[in-house]
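# Need coordinates for the following:
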Amino acid sequence: MQFEHTSKNYRDVATALITYLEAQLRHSKGRSEWTGINLGALQDFSIKGPKMSPYPKPDKSKRSGLKGQFLWDHMSCTDDDVIIIAESEWNSSPLELRHDFEKLLYTRCPIKLMMCGGWPKPEDIAKDLSKYAKKCSRNFGPGEVFILFCTGWIDEQGERRGKQVYKWQVPGEVCRNDGRKFNFQSDWE
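Below is the predicted model:
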């Protein structure tokens with residue numbers, strides 16, 4: 001079964017992912033545990049329909065249980081598509097967050113997830129990354145979904161707070177070209 005490339009399906013899968021993460025993620029004691037919890041949850045996420053495989057695959061020989069990243073901290077794929085890419089950044093530095101978020105901006109993929117923690121105000125992260133996205137890129141694929149998932153921040157009273165999610169879907173309907181039509185030509189058709 002193939003993944004259905006429609007704006008509605010992208011939104012439905014993104015909503016399922018958010019619901020799943022809200023139920024699975026919990027507070028952690030530090031950066032290493034936080035990253036392991038986030039990426040472990042992503043590896044276990046699945047949808048009805050095509051089988052999705054996570055990358056990087058778990059590596060039980062390492063203390064964290066995770067292999068090193070390839071281009072992103074996580075990606076979920078079917079046999080012929082990358083469906084979800086994710087970056088997970090504990091560091092609260094705007095520069096570090098922008099660096100990881102930028103990887104999502106320049107990639108064609110239905111669902112792009114940025115997970116972060118450590119800032120006192122998640123709305124500040126959302127505003128900063130929205131402004132940064134507008135500055136860096138003006139071209140997004142129709143129907144693509146961006147998710148900003150903030151976990152475990154400390155509020156002004158020093159209290160640990162749970163989760164805050166922000167999302168945006170690029171307007172328009174997906175235009176899917178099946179690979180059989182791809183053919184380099186020496187002249188424009």
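# tell me the centre residue of this protein?
Centroid-nearest residue in the chain: Leu113, 1.7 Å away (criterion: CA atoms, centre = their mean).
# In which helix or strand does that residue reside?
Using DSSP states H and E, Leu113 sits in strand 111-117.
# do Gln157 as well
With DSSP H and E as the test, Gln157 turns up in no helix or strand.
# hey, which helix or strand in this protein has the poorest pLDDT?
strand 53-55 (a mean of 64; mean pLDDT, DSSP states H and E).
# Next SSE downstream of that strand?
Following strand 53-55 toward the C-terminus (DSSP H and E): strand 74-77.
# what are the pairing partners of that next one, and which direction each?
Partners of strand 74-77 in the sheet, by DSSP bridges, are strand 53-55 (antiparallel), strand 82-89 (antiparallel).
# what's the model's confidence in that strand, averaged?
In this model, strand 74-77 has a mean pLDDT of 86.
# next one: that strand to chain centre, how far?
Put simply, strand 74-77 sits 9 Å off its chain's centre (CA atoms, centre = their mean, to the nearest Å).
# for stretch 93-101, same thing?
Relative to its chain's centre, stretch 93-101 lies at 14 Å (CA atoms, centre = their mean).
# How about stretch 126-141?
15 Å.
# who's in contact with it?
Contact partners of stretch 126-141, identified using CB atoms under 8 Å, 6 or more residues apart in numbering, comprise 94, 97-98, 101-102, 105-106, 108, 114, 146, 148, 166, 168, 170, 174. From N, CA and C alone the C-beta is placed, and that goes for glycine too.
# For the residues you listed, pick the one with the most neighbours.
Greatest neighbour count in these, by other CB atoms under 10 Å, goes to Met114: 25 neighbours.
# now, of the strands paired with strand 74-77, which is deepest in the fold?
Among the strands paired with strand 74-77, ranked by average contacts under mean count of other CB atoms under 10 Å, first place goes to strand 82-89 (a mean of 22).
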